[in-house]
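Asks: Okay, here's the prediction I keep looking at, along with the sequence it came from:
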Amino acid sequence: MTDTCDVVRSILTRTFRVPDHEITPHVTLEQLRLDSLALAEFALVLQERIGVKLDSDRAGRFTTLADFTEHVDTLRRTETAQAP
């Protein structure tokens, strides 16, 4: 399984042009200047990359990037466990 933190970092730097040094576990998505449209795009790109469906409204509710990636990891484990 691909490391979620690496995928999130890649999306933020390549798609949203967030400087790598700004991406830390304790930064919020709001601090990264991701508005609701950017969050929707972020959720879609993340789904394409790792196959986890994520509601963009819910993505914006996480306090920090660490909280967000932990939630995505939980979703990935749940979906993997449910797969036939």
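Replies: Thanks, I have it. Just so it is clear, the structure is predicted and the values come from calculations on it, not from any experiment. Numbers count the residues shown, from 1 in each chain.
Asks: Could you point out the helix or strand that follows the helix-or-strand element of the chain with minimal mean pLDDT?
Replies: Here the helix or strand of the chain ranked lowest by mean pLDDT, DSSP states H and E is helix 56-59, holding a mean of 66. Going down the chain from helix 56-59, the next helix or strand is helix 65-82, by DSSP states H and E.
Asks: how far out from the middle of the chain is that following helix?
Replies: Mean C-alpha position of helix 65-82 versus that of the full chain (CA atoms, centre = their mean, to the nearest Å) differs by 10 Å.
Asks: Only alpha carbons, please: show it as PDB.
Replies: Extracted C-alpha coordinates of helix 65-82, given in PDB (Å, rounded to 0.1, in the frame of the first residue of the first chain):
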ATOM      1  CA  LEU A  65      -2.900  17.300   7.700                       C
ATOM      2  CA  ALA A  66      -2.000  14.500  10.200                       C
ATOM      3  CA  ASP A  67      -5.700  14.100  11.100                       C
ATOM      4  CA  PHE A  68      -6.700  14.100   7.500                       C
ATOM      5  CA  THR A  69      -4.100  11.400   6.500                       C
ATOM      6  CA  GLU A  70      -5.000   9.300   9.500                       C
ATOM      7  CA  HIS A  71      -8.700   9.400   8.400                       C
ATOM      8  CA  VAL A  72      -7.700   8.400   4.800                       C
ATOM      9  CA  ASP A  73      -5.600   5.500   6.100                       C
ATOM     10  CA  THR A  74      -8.600   4.300   8.200                       C
ATOM     11  CA  LEU A  75     -10.800   4.500   5.100                       C
ATOM     12  CA  ARG A  76      -8.200   2.500   3.100                       C
ATOM     13  CA  ARG A  77      -7.900  -0.200   5.800                       C
ATOM     14  CA  THR A  78     -11.700  -0.400   5.900                       C
ATOM     15  CA  GLU A  79     -12.100  -0.700   2.200                       C
ATOM     16  CA  THR A  80      -9.300  -3.300   2.000                       C
ATOM     17  CA  ALA A  81     -10.900  -5.400   4.700                       C
ATOM     18  CA  GLN A  82     -14.300  -5.300   3.000                       C
END
